[in-house]
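Trainee: below are the sequence and a predicted model for it; my questions follow.
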Protein chains: 2
Amino acid sequence: MSRKKAPKSVVKRLPVYLRILDNLIRRDVEIISSRVLSDETGFTAEQIRKDLAYFGAFGTRGTGYNTSYLREKLLRIIGLDKQTKIIVIGFGHLGKALTRYNMNKNPYVKIVGAFDNDPNELHTDIEGLQVYSMDKLSEVIQKEDVKVAILTVPAEVAQQVVDILVENGITAILNFAPTKLHTPEGVYVHNADLTIELQSLIYYSQEDEGRALKE
Amino acid sequence: MSRKKAPKSVVKRLPVYLRILDNLIRRDVEIISSRVLSDETGFTAEQIRKDLAYFGAFGTRGTGYNTSYLREKLLRIIGLDKQTKIIVIGFGHLGKALTRYNMNKNPYVKIVGAFDNDPNELHTDIEGLQVYSMDKLSEVIQKEDVKVAILTVPAEVAQQVVDILVENGITAILNFAPTKLHTPEGVYVHNADLTIELQSLIYYSQEDEGRALKE
DNA sequence: CTGATTTTGTGAAATGTAAAACTATATTCA
DNA sequence: TGAATATAGTTTTACATTTCACAAAATCAG
């Protein structure tokens, strides 16, 4: 039976389920119900079951889900069953912090290179990390067959860098540059614009949301 | 005439409009149509008009929007007409990078303090920034009357820190800790979980999204 | 000044997403 | 063994958001 394409909102929840499963397995929990997953994640049990149903039937009625089995399935669905190669472009403070973060906390990905224009940034104290000058970008992407890039360059040069990325086969970009990127069909961009996150947060920080009303 | 509460999706777009307006004003553009705003933002013109309609009628039919006027209105709606005080909790690499980023790029906010447990992190080369030990948290929040916090502490201590934040009147949290936070009604949490962003990106990086289908 | 044009603002329709209700299947225990 | 219980999977309903279509208002051309 054929299923519909999973909406973005569903895909965003899969890594949350995965993380919870990792925690449960570490605590030797073998079976978990959608009800308990609901408590752990904050999503409703119905939603969790529905989300998983986009990809198959992984549970046992009357019992629940086997944590290890469901984890394996999720890894495969998300695409983490094989290690994903990633590059970081823009190696300022943010780029460095993100690189460190992922190398320490994210076993499913491997950062195969960082890139910066500024020669001062071309050496690093991060162990096992190759830092290249920007003109090595095409070469490394092709040689390592990289599909995913994290972008932390200044807004002014972001589009120009993205054009190179796309040209060399990058298909997904996590964009921290505060600008809209233009990409062809088939290249997925997720904007992680910290200024926008913060500003929308400030909206909600004000008790007087009544300013949104007029009479 | 009374308007409905603006949905989250609308609030998330307001800062995008604001950024475009800032750029236009810098280029001395005085009038802008929803059509051109659409080109700049990637959102449809209808959506932009509808978004703005949640808060009032700011344009002139037949002409468009006055950039300076709309900017003033948006600043007021978002809550950026007065400078917002912010604290950063967790002053590791990510906390430092975010602090620097906001101090350099975000004129609408002021970071009034950073906090960390580790004494090594309590001095900084960031000019004009106060770094405190964690036990000063309550005191500073109350003295400065802070409402917004950026959280970059380890997952294990995140909830415990959040409890202190809430207790002292913080109403909005930008959470980078990879864990679900429990907060009372009225406290807004935005999760900026970089691992989850990256993993959902990897899902889309795979040409074969057909794995989402079964036959 | 009048008709054509532009562009906003808004009610209605369509779409997408989440929640609820229901059905099917497995387990447990008397 | 079989009734009661638990829980996944599916269908239906409700809700939220976006898109569409058009009326209202301003501008412009002659």
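Mentor: Perfect, I can see it now. The structure displayed is predicted, hence computed values, not measured ones.
Trainee: just to be sure, A:Gly62 is in a strand?
Mentor: No - counting by DSSP: H, G, I helix; E, B strand; the rest coil, A:Gly62 falls outside a strand, being coil.
Trainee: and it, how many neighbours does it have?
Mentor: Look at A:Gly62: counted by other C-beta atoms under 10 Å in any protein chain shown, it has 6 neighbours. Just so you know, the C-beta spots here come from the backbone N, C-alpha and C atoms, and that holds for glycine as well.
Trainee: report the separation between it and DNA strand D.
Mentor: As for A:Gly62, its distance to DNA strand D is 4 Å (criterion: C-beta to the nearest atom of the strand, to the nearest Å).
Trainee: geometric centre of chain A: which residue is closest?
Mentor: A:Leu174 (7.2 Å; C-alpha atoms, centre = their mean).
Trainee: tell me which element it is part of?
Mentor: For A:Leu174, the host element (DSSP states H and E) is strand A:172-175.
Trainee: which strands and helices sit next to that strand?
Mentor: Here strand A:172-175 touches strand A:148-151, helix A:155-167, strand A:188-191, helix B:194-205, going by 3 or more C-beta pairs under 8 Å, 6 or more residues apart in numbering or on different chains; DSSP states H and E.
Trainee: now do the second one: which elements does it pack against?
Mentor: Counting by 3+ C-beta pairs under 8 Å, 6+ apart, the packing neighbours recorded for helix A:155-167 are helix A:137-144, strand A:148-151, strand A:172-175.
Trainee: swap the cut-off to 7 Å and go again
Mentor: Counting contacts by 3 or more C-beta pairs under 7 Å, 6 or more residues apart in numbering or on different chains; DSSP states H and E, helix A:155-167 packs against strand A:148-151.
Trainee: now do the strand it packs on: distance to the chain's middle.
Mentor: 10 Å (C-alpha atoms, centre = their mean, to the nearest Å).
Trainee: from the contact counts, what lies against that strand?
Mentor: If you count contacts as 3+ C-beta pairs under 7 Å, 6+ apart, strand A:148-151 packs onto strand A:84-89, helix A:155-167, strand A:172-175, helix B:194-205.
Trainee: can you put these in a markdown table and add mean pLDDT and distance to B:Pro15?
Mentor: Listed next are those as a markdown table, based on pLDDT from 0 to 100; distance: least, C-beta to C-beta, whole Å:
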| stretch | mean pLDDT | distance to B:Pro15 |
| --- | --- | --- |
| strand A:84-89 | 98 | 24 |
| helix A:155-167 | 97 | 14 |
| strand A:172-175 | 98 | 15 |
| helix B:194-205 | 95 | 18 |
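Trainee: DNA strand C is nearest to which of these?
Mentor: Of all the helices and strands packed on strand A:148-151, helix B:194-205 sits nearest to DNA strand C, with 13.2 Å by C-beta to the nearest atom of the strand.
Trainee: where in chain A is pLDDT low?
Mentor: A:1-3, A:207-215 (pLDDT under 70).
Trainee: my read: A:Leu37 touches A:Ile20, true?
Mentor: Yes - in terms of C-beta atoms under 7 Å, A:Leu37 counts as a neighbour of A:Ile20; the distance is 6.4 Å.
Trainee: comparing those two, which residue is more hemmed in?
Mentor: A:Leu37 (25 against 20).
Trainee: is DNA strand D contacted by whichever strand or helix holds the more buried one?
Mentor: In this assignment (DSSP H and E), A:Leu37 forms part of helix A:34-41. Yes - counting by C-beta under 7 Å from any atom of the strand, DNA strand D has neighbours in helix A:34-41: A:34-35.
Trainee: can I see the domain layout of chain A?
Mentor: A:8-78, A:84-198 (automatic domain parsing).
Trainee: would you convert those into TSV that also reports distance to B:Leu70?
Mentor: Output for these, formatted as TSV (distance: least, C-beta to C-beta, whole Å):
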stretch	distance to B:Leu70
domain A:8-78	29
domain A:84-198	17
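Trainee: which one of the ones you listed lies nearest to B:Lys4?
Mentor: When the domains of chain A are compared by C-beta to C-beta, domain A:8-78 sits nearest B:Lys4, at 21.6 Å.
Trainee: dump the residue contacts of A:Gly64.
Mentor: Neighbour list for A:Gly64: A:31-33 [criterion: C-beta atoms under 7 Å, 6 or more residues apart in numbering or on different chains].
Trainee: what is the nearest of the residues you listed to A:Asp163?
Mentor: Nearest member of the contacts of A:Gly64 to A:Asp163, counting by C-beta to C-beta, is A:Ile32, at 45.1 Å.
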